[in-house]
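> Curious how this folds, go ahead:
(one chain, ligands or ions: 1)
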Amino acid sequence: MFKLLRRMNKKEYGMIGLSTIFIVIQVWLELSIPGYMSTITEKIETKGTTIGQIIQPGIMMILLSVLSVLAAVITGYIVAKIAGGFTARVRKDVFNQVMDYSTQDIKKFSVSSLLTRSTNDITQIQQFVAMGLQVIIKAPITAIWAITKIAGKGWQWTTATAVAVVILCIMLTFILTKVQPKFKMVQKLTDRLNLVTQENLSGIRVVHAYNAEEYQNNKFNKANNDLTDTNLYANRILALMNPGMSFISSSLTLAVYAIGAIIINQANGAQRLSLFSNMIVFSSYAIQVILGFLLLSIIFVILPRVLVSAGRINEVLDIKPSILFNDKSNEKIKEKGTIKFDNVSFKYPDAEDTAIKNLTFQADQGQTIAIIGSTGSGKSSTLNLIPRLYDVTKGHVLVDGIDVKNYSESDLNDRIGYIPQKAVLFSGDIKSNINFGESSNKSNNLSDQEAYMALELAQSRDFVEEKEAKLNSNVAQHGDNFSGGQKQRLAIARAIARKPEILLFDDSFSALDYATDKKLRDDLKQNAADTTKIIVAQRISTIIDSDEIIVLDKGQVVGQGTHEELLKNNKVYQEIAYSQLSKEELA
Ligand SMILES: Nc1ncnc2c1ncn2[C@@H]1O[C@H](COP(=O)(O)OP(=O)(O)OP(=O)(O)O)[C@@H](O)[C@H]1O
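A predicted model of the protein is given here:
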């Protein structure tokens, strides 16, 4: 928690100092009230006291109460400002940190857990700073100040107060040790509930189509019940706090009066009045001591959850992204549009087997290199190494003659147009999706003409122009208002609009019909002749005219050459080819 609070800036520390001053004023005002109460008690017991003599301390009591409320309101305003500003910054830090994470870093936490951490956990911190800060400062000041006020007014009363404080401490320790582990579980179970809900919503069509509502309901109910039960258990124990506190403070008042009755009874006439007034003042201050601890108990309610949340947020902020880019590319560019795999092997961090073994190939500017192989043979993994979505385990990947590890992130991304296997679109409109991100090759304000050129090359101009709002047509979350093929073509247009030297197609033609697939490749050949293309595909027809085809099997290269060469002498390629096209078509 302290680690997280160290992220506060000077202004926030200054505001904490200011709120401390207002809290001290507030406590001073509150603790001054019993003094006037004692005056009133003495005056009532003294013969010949006039109403005017009682009204004056009465008015002072009202005034002090009003001023104390005012000080509390100002303190509340200041700490709310600190809490709002501080947590907004932590939320931004968490977001920025997650943006730097690689795919494998995100997998370590899971998406649902990262969502809970940036929302639910940060809200806990906000509540703590807004409420806890006041209480942490106010509770000890109130308790200690009140104790100094009652010190020396009677050892019997002081002993009763000390006993009450000890009982209180035992109760708070018991509650904290019981509740803390449960709150750790609550956050984990919230992650789980988020995961089940997220999975259910994103796969809702499959759930309906497979009559799996009950199965999913059971899964949700289990996650929901586990969370509810744990929450109930923790809150039931916390519910002991209020009656416990009331019991202790009422018993203390009772004890103070009972002890007072005995002492006053034993005293002589002259002492009785001062002892009576002492008892009234003592009982008020003793309640203030208990109130100080009551305030602390609020911290005990919030603290267990907050400690867990702070730990979870620190975990996100502490992890160094596994793929770190240089701030500046540290080598001079030697070539243009080239890719070289130099004896590359790659293993996923949590996998047992190597996904790619000793892969070597080269693509020169303007060439089209295809990668084919059965599912799981390592095609996507090979492509992912070029934009450094993962780092190689052995060997080197070079782009334009430089190892990808020596590039800055923006320099490397400026050279590459990457189209992932599953097209990813963002909510907004078509134009904002085509003009997505920054690149030194394109203007940040892409013109409509440039957007249409990219759409035309990606064979998507027609369906965009058919829409009433054209480029301004709405794109729903994940691009769900477009067909699979349309989404893929829009994703291709987005990559083309960046005018990269290298285009990476990860099975991006799979949702296109044969005619569109062919037209797209012909247009790319004509209009992007200088662009190097790496095409991962399952369909032979997509790669038939590539300059070089790499055949992968279980992560290893089992063939390398043109379609004609491979068809003549490569068994794996022949198997794939003859399973898709007839001998005549292949000829
Ligand atoms: N994120 C990952 N973590 C661990 N292993 C992975 C991960 N992604 C893929 N693999 C494994 O690496 C191997 C190669 O996967 P890859 O996705 O590169 O195959 P692919 O040839 O592209 O398959 P497909 O044609 O089905 O897309 C497979 O055995 C797969 O199980």
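
> going forward, measure contacts between C-alpha atoms and count neighbours the same way
Will do.

> Show me which residues of this structure are close to the ligand?
Residues of the chain lying close to the ligand by CA under 6 Å from any ligand atom are 348, 351, 355, 375-381.

> Mind giving me the ChimeraX command for buried ones among those residues?
With 16 or more other CA atoms under 10 Å as the criterion, this ChimeraX line picks the buried residues out of the residues of the chain next to the ligand:
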select :348,355,377,378,379,380,381
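
> Please tell me how far L389 sits from I543.
24 Å (CA to CA, to the nearest Å).

> Name the SS class of the residue most central in space within the chain, please.
Centrality entry for the chain: nearest residue to the mean C-alpha point is S118, 2.7 Å, by CA atoms, centre = their mean. Secondary structure assignment for S118 (DSSP: H, G, I helix; E, B strand; the rest coil): helix.

> Make 762 the starting number, not 1.
Happy to do that; since the first residue is 762 now, the last one works out to S879.

> Wait, it touches R850, no?
No: in this structure S879 lies outside contact range of R850 using CA atoms under 8 Å: 11.3 Å.

> Domain map for the protein?
Residue ranges for the domains of the chain, per automatic domain parsing: 763-1079, 1100-1347.

> least reliable of those domains going by mean pLDDT?
With a mean of 88, domain 763-1079 has the lowest mean pLDDT of the domains of the chain.

> Surely D1103 forms part of a helix?
No: read with three-state DSSP, D1103 is strand and lies in no helix.

> What count of nearby residues applies to D990?
Close neighbours of D990, defined as other CA atoms under 10 Å, add up to 12.

> which SS class is it?
Once three-state DSSP is applied, D990 turns out helix.

> hmm, back to that, and the residue nearest to the centre of the chain, what does it touch?
If you count contacts by CA atoms under 8 Å, 6 or more residues apart in numbering, S879 has them with 852, 855-856, 1074.

> So which of the residues you listed is surrounded by the most neighbours?
Highest count within these by other CA under 10 Å belongs to I1074, 24 neighbours.

> Setting the sequence-adjacent residues aside, check what's closest to that one.
Spatial nearest neighbour of I1074, chain neighbours left out: R878 (6.1 Å); criterion: CA to CA, 6 or more residues apart in numbering.

> my guess is that neighbour contacts R1073, does it?
Yes: using CA under 8 Å, R878 is in contact with R1073, at 6.7 Å.

> Which strands or helices does the strand or helix carrying T903 pack on?
Using DSSP states H and E, T903 falls within helix 894-911. Packing partners of helix 894-911 (3 or more CA pairs under 8 Å, 6 or more residues apart in numbering; DSSP states H and E): helix 771-806, helix 812-861, helix 1030-1079.

> Just the closest residue of the stretch 962-1111 of the chain to the ligand, please.
For the stretch 962-1111 of the chain and the ligand, the shortest gap (CA to the nearest ligand atom) falls at Y1109, measuring 4.9 Å.

> Now for that residue: which residues touch it?
1115-1116.

> can you tell me how far it sits from D1152?
Applying CA to CA to Y1109 and D1152 gives a distance of 9 Å.

> again with G796
Note on G796: its distance to D1152, by CA to CA, is 73 Å.

> between these two, who's got more neighbours?
More neighbours surround D1152 than the other of G796 and D1152, with 22 against 19 (other CA under 10 Å).

> so what's that one up against?
1084, 1107, 1146 are the contacts of D1152 under CA under 8 Å, 6+ apart.

> And the last one, its phi and psi?
When quoted as degrees, to the nearest 10, the phi and psi of L1146 stand at phi -80, psi -20.

> quick one: contacts for it?
Counting by CA under 8 Å, 6+ apart, L1146 touches 1152-1153, 1158.
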